[in-house]
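Novice: sequence plus predicted model, see below.
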2 protein chains.
Amino acid sequence: MDGAESLARTLVACGVEVCFANPGTSEMHFVAALDRVPGVRAVLGLAEAAVAGFADGYARMAGRPAATLFHCGPGLANGLANLHNARRAHTPVVNIVGDQATHHRPHDPPLTADTEALARTVSCWVRTSLRSEDVGEDAARAVQAALAPPGGVATLVLPADCAWGEGGRPAAALAAPARRMPAPEALREAALALRSGERAMLLLSGPALTERGLRAAARIAQATGAELRTPTQVPRMARGRGRPPVDRIPYVVDAALKVLEGVRHLVLAGARPPVGFFAYPGKPSTLWPADCALHRLAGPAEDVVGALEALADELAAPPEPTFPALAKPEPQRGPFRADAFGPTLAALLPEDAIVAEDAVTSGRALFPYTWAAAPHDWIQITGGAIGWAFPAATGAAIACPARRVVCLQGDGGGMYTLQALWTQARERLDVVNIVFANRRYAILQGELAAAGARPGPASEALFDLGRPALGWTKLAEGMGVEAARVETLEAFADVFSAACRRRGPFLVEFAI
Amino acid sequence: MDGAESLARTLVACGVEVCFANPGTSEMHFVAALDRVPGVRAVLGLAEAAVAGFADGYARMAGRPAATLFHCGPGLANGLANLHNARRAHTPVVNIVGDQATHHRPHDPPLTADTEALARTVSCWVRTSLRSEDVGEDAARAVQAALAPPGGVATLVLPADCAWGEGGRPAAALAAPARRMPAPEALREAALALRSGERAMLLLSGPALTERGLRAAARIAQATGAELRTPTQVPRMARGRGRPPVDRIPYVVDAALKVLEGVRHLVLAGARPPVGFFAYPGKPSTLWPADCALHRLAGPAEDVVGALEALADELAAPPEPTFPALAKPEPQRGPFRADAFGPTLAALLPEDAIVAEDAVTSGRALFPYTWAAAPHDWIQITGGAIGWAFPAATGAAIACPARRVVCLQGDGGGMYTLQALWTQARERLDVVNIVFANRRYAILQGELAAAGARPGPASEALFDLGRPALGWTKLAEGMGVEAARVETLEAFADVFSAACRRRGPFLVEFAI
């Protein structure tokens, strides 16, 4: 058995069912092994930036890693931005990077690069197999590393000779360590803070945003009056009617500072201490007040759900939280406004949908309006590397074929990874892509003004996407995805509803 | 003056006239500086993979670097693959990477990554400015480093606070070292080898492939009978009627070994010793025969043109080379065949055109047929990271607005960086893009067969681009570029000729 086949068999043994790939010559023997070994579905992406986002979206919804397949250092490099988003979300991903044969690499042929250095920038675990005999065990360790709490990107570099060489030995799955409960002191400290009578906030991320985690947090809020918030970006969140609504810390620093003003105790439940997305002259980096104490209830790798439930019990919270029932909103009319689009989307969102969001300018404001939608999961760009939603939605649809995926994508970010649309068409995925076509990098226009500068020729040249206007319906159709352009909420409602009733992908360009 | 303005002024002082950019928030002050400081043209790309390729194509034709502008580590990461191609071509490029403020970085906000580690994988020079006062001098050193022979990628990381902070001091240009003549021993050794009467080959790259270098090489060939070749990929080559035709070492290892069979002396003129692009079981890594001696006439950083001319004189070669005059070929008819497309393109190529080639499967075979075209420059993917030609053609057109650029792009590679088409439309560049739409990763199908494997479900899923078929005319039109699809050489000839007569970009999808 060659090393490549031992890799394929090991991935199957470890529960890896999908390989998102953009292969090249050095991966040929692994592809041939996937041809022979059943159990791993190969899904092609036409650009590695898309492939990496597929793997992120897939694992956020499946709860287990997919494999990726990249071609040498430059192929991996193309995927790094969305792997960065995955890293920030603690998403388990197993990268397989085919590379130069060990004896060929010293000759430095043209496609040779420092693959390990590239991998280390996003990975919690990096290894290059050096013998065919080791590939199986290395792969099992990669899956284990990706799954070890809090989850991460593991990268296995596979030199071509280790793939084609004989002596491969498939390995069995290795158990990943379980999440552990935080120390009792952490619970006691949090309870003390929440009982202090001073203003307190629980900051929730990771598994705290599952339905179970949210319900425990809502019990705590009810018992103590603590406010619930999430960081500005979170990997995944259970939302919709019947689930406790929790808002984000705003992206804009001044707004964030206002939200945290007066908070004396910030209890971190799976979240890191909140900091500004960027620095600004004269503004602080950290968002909590000087007289606010931080309390770490549970770190990202710990059993945050167990900790929240234990804390709720400790605080003698009611066994079930109560919170206001939200009425299903009505679709709105007229041109795009985030506060009108939000209720419209909430009214029309199918039951048990998955929403993938990478729409900085248009996406922020619509978020609170969607608490009243049917129950759904919301996944979101986490690392700020835009171009995430088209691919993440694609991966989520592979993970959850019975669910409708709704992709909220800004046009600027969408142009980074529009290649993902082709994979949606090829795999006939039930994704409705909504592109917010404001035809500019609107966030940058705002930031320029915030920097006290007036627009000039360079900023005009660099922030405007309207000359020429991007024709999203043609771009989608060119990749086999049906599409329509709308300019009003009522037209959107018609098109979106119809798109949700049919099979396969669709794209709605909302001209803003 | 803030650091950002000192950077803009320094770039102008160093002769940097263009900044290819995909900016983000942390670059706001530099964009504002470009608004205030005249002399640097800002050109937007909608994906960093395109932006990096713009800079490569631009500098290959302009002979001086453009600046790029990327947003933090993930923005740079998206550009690394085409920067890898630039590195392999020794193209001068000055990357400006806006990044987290120095005081904000320790808080590890979401978009933070190891920017320097990413930069080092492609750069000959990397520095992070740490004070506004240093930015100007750091920028001058970056330009100098990019221009130092043989040329390379220099990366300056600009933390946001160093951009917005006061105390900026513009710096004057620093002289880059000149190319030096190789040691006299190198010339003597090469002359001895070429006079030996044994079979010899001159392997030419870099400046050896300018018209002057080629004429000197042709004189040597005439005087000694030495064969002339280039490596499989070269950065740029002067070609066409009236210029010495020189063929490449083939990409396929067996064909390359055959070309070098019997060669006893391989004289390297700006080229590295030839090695296989990839390793294959049982095949050698190095392509020259065991009994062939390598002679380094001039390294990539040396004055290879001067060395060739000195060698020709030393060998008492005729002052002007003679070589067979090639008749202008006739356009061919019928479906696509590389050996019929080549003469057709050669017949129709406008005088003084620039050809940008990243068409592995279709591009290899047409190359020799284009020696008989009107004089032109041919630039080519050099590092194997596909998705190069659309962006490189775009950059070349910015560098040479009076010349027609013809882009030869395979459909697989084209999908990596199709965003470049939008920039062609925005800047109204005279580029005719030809997409070879074979609707598959044909090279991989060949490699799979070469590996002795038969196609199965995974390779079918991963190598076929035909389900759904990519609609290149719609993709182009969606980005503002007019387009047509052709299926025959006669239709191609009509469309191509018309496209060459009009202003602005055009795309021809050649269905193969």
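Specialist: Perfect, thanks for sending it. Since the model is a prediction, treat every value here as computed from it, not as a measurement. Numbering: from 1, shown residues only, chains lettered A, B, ... in the order given.

Novice: quick check on the nearest residue to A:Pro468 once chain neighbours are set aside: phi, psi?
Specialist: Once flanking residues are discounted, A:Pro468 sits nearest to B:Gly480: 3.0 Å by Cβ to Cβ, 6 or more residues apart in numbering or on different chains. C-betas here are computed from N, CA, C, even on glycine. Torsion angles at B:Gly480 (phi, psi; degrees, to the nearest 10) stand at phi 90, psi 10.

Novice: same check on the one 4 residues further on?
Specialist: Reported as degrees, to the nearest 10, the phi and psi values for B:Ala484 are phi -150, psi 150.

Novice: how many residues are close by it?
Specialist: 19 (other Cβ atoms under 10 Å in any protein chain shown).

Novice: what of A:Ala178?
Specialist: With other Cβ under 10 Å as criterion, A:Ala178 counts 9.

Novice: list the residues that contact it.
Specialist: A:Pro149, A:Asp303 (Cβ atoms under 8 Å, 6 or more residues apart in numbering or on different chains).

Novice: the residue nearest to A:Pro468 and B:Thr423 touch, don't they?
Specialist: No - contact criterion Cβ atoms under 8 Å: B:Gly480 and B:Thr423 do not qualify, at 9.8 Å.

Novice: give me the more crowded residue out of those two.
Specialist: Neighbour comparison, B:Gly480 and B:Thr423: the larger count goes to B:Thr423, with 29 against 20 (by other Cβ under 10 Å).

Novice: any idea which helix or strand carries A:Val126?
Specialist: Element membership for A:Val126 (DSSP states H and E) is strand A:125-128.

Novice: name the residues that touch that strand?
Specialist: Outside strand A:125-128, the residues that touch it by Cβ under 8 Å, 6+ apart are A:99, A:115-116, A:119-120, A:138, A:141-142, A:145-146, A:152-159.

Novice: tell me the mean pLDDT for that strand?
Specialist: On average, the pLDDT along strand A:125-128 is 98.

Novice: how far does that strand sit from its chain's centre?
Specialist: Relative to its chain's centre, strand A:125-128 lies at 23 Å (Cα atoms, centre = their mean, to the nearest Å).

Novice: what is whichever helix or strand comes after it packed up against?
Specialist: On the C-terminal side of strand A:125-128, the closest following helix or strand by DSSP H and E is helix A:132-147. With contacts taken as 3 or more Cβ pairs under 8 Å, 6 or more residues apart in numbering or on different chains; DSSP states H and E, helix A:132-147 sits against helix A:3-13, strand A:93-99, strand A:125-128, strand A:153-159, helix A:160-164.

Novice: which parts of the stretch 151-300 of chain A sit against chain B?
Specialist: By Cβ under 8 Å from any Cβ of the partner chain, the residues of the stretch 151-300 of chain A that approach chain B are A:160-161, A:164, A:232-233, A:275-279, A:281, A:285-286.

Novice: how about the residue located most distally from the centre of chain A: what's its closest non-neighbour residue?
Specialist: Outermost residue of chain A with respect to the C-alpha centroid, by Cα atoms, centre = their mean, is A:His107; its distance is 38.7 Å. What sits nearest to A:His107 in space, not counting adjacent residues and going by Cβ to Cβ, 6+ apart, is B:Val275, at 4.2 Å.

Novice: count of neighbours near the one you found?
Specialist: So B:Val275, with other Cβ under 10 Å, has 23 neighbours.

Novice: ditto for A:Lys258
Specialist: 11.

Novice: buried residues in the one helix or strand it maps to?
Specialist: For A:Lys258, the host element (DSSP H and E) is helix A:253-260. Buried residues in helix A:253-260, counted by 16 or more other Cβ atoms under 10 Å in any protein chain shown: A:Val253, A:Ala256, A:Leu257, A:Val259, A:Leu260.

Novice: isn't A:Thr417 up against A:Ala50?
Specialist: Yes - using Cβ under 8 Å, A:Thr417 makes contact with A:Ala50 at a distance of 4.8 Å.

Novice: which residues are in contact with both of those two?
Specialist: A:Asn82, A:Phe390, A:Pro391.

Novice: where's the first one relative to A:Phe341, distance?
Specialist: Computed with Cβ to Cβ, to the nearest Å, the distance linking A:Asn82 and A:Phe341 is 26 Å.

Novice: ok, these two, which is more surrounded?
Specialist: Each of A:Asn82 and A:Phe341 has its neighbours counted (other Cβ under 10 Å); A:Asn82 has more, 38 against 26.

Novice: state the pLDDT value of the residue nearest to A:Ala392 when sequence neighbours are not counted.
Specialist: Distance criterion Cβ to Cβ, 6+ apart; nearest residue to A:Ala392, sequence neighbours excluded, is A:Gly57 at 3.2 Å. Confidence at A:Gly57, expressed as pLDDT, is 98.

Novice: which parts of the stretch 401-512 of chain A are strands?
Specialist: According to DSSP state E, counting those that start in this stretch, the stretch 401-512 of chain A carries its strands in the segments A:405-410, A:431-437, A:482-486, A:506-511.

Novice: is A:Ala437 in contact with A:Leu470, as I believe?
Specialist: Yes - counting by Cβ under 8 Å, A:Ala437 does reach A:Leu470; the two are 7.0 Å apart.

Novice: mind listing the shared neighbours of those two?
Specialist: Common neighbours of A:Ala437 and A:Leu470 (Cβ under 8 Å, 6+ apart) are A:Asp411.

Novice: the two - which one has more neighbours?
Specialist: Neighbours per residue (other Cβ under 10 Å) separate A:Ala437 from A:Leu470, with A:Ala437 holding more: 27 against 24.

Novice: that one pairs with what?
Specialist: Beta bridges link A:Ala437 to A:Ala511 when assigned by DSSP bridges.

Novice: over to A:Met201?
Specialist: The partner residues for A:Met201, given DSSP bridges, come to A:Glu227, A:Leu266.

Novice: which parts of chain A belong to which domain?
Specialist: Domain assignment for chain A by automatic domain parsing gives A:3-164, A:184-314, A:338-511.

Novice: which of the ones you listed is buried the deepest?
Specialist: Comparing the domains of chain A by mean neighbour count (mean count of other Cβ atoms under 10 Å in any protein chain shown), domain A:3-164 ranks first with a mean of 25.

Novice: what's the first-to-last distance across it?
Specialist: The first and last residues of domain A:3-164 sit 6 Å apart, counting by Cα to Cα, to the nearest Å.

Novice: and that domain, how far out from the chain's middle?
Specialist: Centroid separation for domain A:3-164 versus its chain: 19 Å, with Cα atoms, centre = their mean.

Novice: restricting to C-alpha, output the helix or strand of chain A with the lowest mean pLDDT in CSV.
Specialist: Using mean pLDDT, DSSP states H and E, the weakest-scoring helix or strand in chain A turns out to be helix A:360-366, at a mean of 77. Presented in CSV, the C-alpha positions along helix A:360-366 are these (Å, rounded to 0.1, in the frame of the first residue of the first chain):
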residue,chain,number,x,y,z
VAL,A,360,-19.8,44.2,7.1
THR,A,361,-21.6,47.3,6.1
SER,A,362,-25.1,45.9,5.6
GLY,A,363,-24.8,43.0,7.9
ARG,A,364,-24.2,44.7,11.2
ALA,A,365,-27.5,46.5,11.4
LEU,A,366,-29.8,43.7,10.4
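
Novice: elements contacting that helix?
Specialist: helix A:338-348, strand A:405-410, strand A:431-437, helix A:442-450.

Novice: go again using 10 Å as the cut-off
Specialist: helix A:338-348, strand A:353-358, strand A:405-410, helix A:411-414, strand A:431-437, helix A:442-450 (3 or more Cβ pairs under 10 Å, 6 or more residues apart in numbering or on different chains; DSSP states H and E).
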